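[1] Could you look at this predicted model? Sequence included:
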Amino acid sequence: MWVFSAMNKKVLVTGAGGFIGHHLVSYLVAQGYWVRGVDIKQPEFEVSKGNEFLQLDLRKRENCDKAVEGVDEVYHLAADMGGIGYISQNKADLCSNNTLMNIHMLEASREASVARFLFSSTACVYPQQLQETVDAPALKEEDAFPANPEEGYGWEKIYMEKLCQYYAEEFDLPTRTVRFHNVYGPLGTWQGGREKSPAAICRKVAEAADVDGVEVWGDGQQTRSYMYIDDCVEGIYRLMRSDYGKALNLGTEEQVSIDQLVDYVAEVAGKEIEKEHDLSKPQGVRGRNSDNNKLREVLGWEPATSLKSGLAPTYRWIEEQVYLQKEGKTPEFITPQAGQQESEEEAARNVSVEEQPALEH
Ligand code: NAD
């Protein structure tokens, strides 16, 4: 039985204003950690449960130093990223933003002598030629080399994986590297161009009339596997607590086509949906799945939430956002209402350290 005491441990989560980082902060607080969240923006849908939230641009070295001050462990999730449409059209910005953040965060963590540093990598590091058919073999960790990853995003991630390895070998900084396969769930980006396929499909189905057509990118036969957010944060934590320093897949082996994903969402929504395939839109690799053999061996555990059961709360939450937006209602939790004072506790949590520049150049 795996037991670890979080008592008196301080941890940093970067990207805490984003989807996975926000959920991870909640999870770690529940485990008993003192948690500092850092992001260039506040969480969009819920106040952070962290003990402290610093709004910082981590492309700047001095901000990475502020972020790591006094913490024992670092979960580095901040990244400029989005769905396939976003990552295929913003390679220069995305790679330079993420490379700056990654290098500065790693070096700041080394100088601060943190005990562990976790890097969030991606299945996009796997070679494209291994993902050319819908039934391509599931991807094993060692398949990543020789490298031929996704243009832009994949190259930037695989380079940082190597940097983590070198820091561990030469500077004695214990690093953990997790390769996520598509993560979904409530409180994630659901519109605006950065959303991933499950959120985009939930939104389109929620917006559709009872019997209606929804646009599907590509021919719908492309395959993926999807991991529910609760499994994701538990897996991250288990990896951090393990002694395993090499890159590890974190995903499910439940492979579905995008058309199947649409059918599942329609079932949850109770709607009959016609699929309108748009072949002009980017669809990413043809087929991808996670091989979890190493994950089971290392952690003695793997994500257990089926896609259908995870899509139910995800769809309900996105459906509610669509409704609120249609009604012209905006989230009220971040900006206090007129005449309403921010409590001292809230003020302490939400510290804006500097005037933020826009993320884009
Ligand atoms: P997200 O976009 O919701 O969160 C990333 C956060 O990083 C955002 O809140 C963003 O504001 C922040 N950020 C960007 N630039 C910053 C800067 N200059 N300074 C400070 N913060 C900055 O993404 P997510 O889905 O939560 O992903 C978290 C991590 O997991 C990322 O590293 C991503 O590459 C990786 N990942 C996610 C998935 C997935 O399916 N969600 C899959 C593979 C890998």
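    Yep, that arrived. This is a predicted model, so every value here is computed, not measured. Numbers count the residues shown, from 1 in each chain.
[2] so what's the backbone phi/psi at the closest residue to the ligand within the chain?
    When scored by C-beta to the nearest ligand atom, the chain has Gly18 as its residue closest to the ligand, at 2.0 Å. C-beta: built from backbone N, CA, C; applies to glycine. Dihedral pair for Gly18: phi -100, psi -180, per degrees, to the nearest 10.
[3] can you tell me which residues contact it?
    39, 43, 77-78, 189 (C-beta atoms under 8 Å, 6 or more residues apart in numbering).
[4] Pull up the per-residue confidence for it.
    pLDDT for Gly18: 97.
[5] cool, Thr330 as well?
    Value for Thr330, per-residue pLDDT: 73.
[6] tell me the secondary structure for it?
    coil (DSSP: H, G, I helix; E, B strand; the rest coil).
[7] can you tell me the helix or strand for the residue nearest to it when sequence neighbours are not counted?
    Using C-beta to C-beta, 6 or more residues apart in numbering and skipping residues adjacent in sequence, the residue nearest Thr330 is Leu324, 7.7 Å away. Assigned by DSSP states H and E, Leu324 belongs to helix 307-326.
[8] Pull out the CA atoms of that helix and give them to me as CSV.
    This file holds the C-alpha atoms of helix 307-326, laid out as CSV (Å, rounded to 0.1, in the frame of the first residue of the first chain):
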residue,chain,number,x,y,z
LEU,A,307,-15.2,7.3,-22.1
LYS,A,308,-19.0,7.1,-21.9
SER,A,309,-19.0,7.6,-18.2
GLY,A,310,-16.5,10.5,-18.3
LEU,A,311,-18.4,12.2,-21.2
ALA,A,312,-21.6,12.5,-19.1
PRO,A,313,-20.4,15.1,-16.6
THR,A,314,-18.3,16.8,-19.3
TYR,A,315,-21.3,17.2,-21.6
ARG,A,316,-23.5,18.4,-18.8
TRP,A,317,-21.0,21.1,-17.8
ILE,A,318,-20.4,22.3,-21.4
GLU,A,319,-24.2,22.3,-22.0
GLU,A,320,-24.6,24.6,-19.0
GLN,A,321,-21.8,26.9,-20.3
VAL,A,322,-23.5,27.1,-23.7
TYR,A,323,-26.8,27.9,-22.0
LEU,A,324,-25.3,30.6,-19.8
GLN,A,325,-23.6,32.2,-22.7
LYS,A,326,-26.8,32.2,-24.7
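[9] and that helix, which residues are buried?
    By neighbour count on 16 or more other C-beta atoms under 10 Å, the buried set for helix 307-326 is 307, 310-311, 313-315, 317-319, 321-322.
[10] got it, and stretch 218-231?
    Going by neighbour count (16+ other C-beta under 10 Å), the buried part of stretch 218-231 is 218-220, 222-231.
[11] Just the CA trace of it, in CSV.
    Extracted C-alpha coordinates of stretch 218-231, given in CSV (Å, rounded to 0.1, in the frame of the first residue of the first chain):
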residue,chain,number,x,y,z
GLY,A,218,-11.8,15.1,-41.2
ASP,A,219,-13.7,12.0,-42.3
GLY,A,220,-14.4,10.9,-38.7
GLN,A,221,-12.5,7.6,-39.1
GLN,A,222,-9.4,8.9,-37.3
THR,A,223,-8.9,7.3,-33.9
ARG,A,224,-7.8,8.4,-30.5
SER,A,225,-8.0,7.4,-26.8
TYR,A,226,-9.3,9.8,-24.2
MET,A,227,-8.5,10.1,-20.4
TYR,A,228,-10.9,11.6,-17.9
ILE,A,229,-9.5,14.5,-15.8
ASP,A,230,-9.9,12.7,-12.4
ASP,A,231,-7.7,9.8,-13.6
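[12] any idea how far that stretch is from the chain center?
    Taking C-alpha atoms, centre = their mean, to the nearest Å, one finds the center of stretch 218-231 at 14 Å from the center of the full chain.
[13] and that stretch, does that touch the ligand?
    No. Figure legend: stretch 218-231 not in contact with the ligand (C-beta under 6 Å from any ligand atom); closest approach 7.8 Å.
[14] distance between whichever strand or helix holds Leu100 and the chain's centre?
    Using DSSP H and E, Leu100 sits within helix 91-111. Distance, stretch centre to chain centre, for helix 91-111: 16 Å (C-alpha atoms, centre = their mean).
[15] mind listing what's buried in stretch 262-273?
    262, 264-266, 268-269, 271, 273.
[16] Return the subset of the residues you listed lying in strands.
    Under the assignment DSSP state E, those contribute Ile273 to strands.
[17] Going by distance to Pro282, which of the buried residues of stretch 262-273 wins?
    Val262 (17.2 Å; C-beta to C-beta).
[18] distance of that closest one from His277?
    10 Å (C-beta to C-beta, to the nearest Å).
[19] again, but for Glu142
    With C-beta to C-beta as the criterion, Glu142 and His277 are 35 Å apart.
[20] again with Gly213
    Relative to His277, and taking C-beta to C-beta, Gly213 is found at 10 Å.
[21] Check the burial of Phe117 by counting its neighbours.
    Neighbours of Phe117 under the rule other C-beta atoms under 10 Å: 25.
[22] Noted, bye for now.
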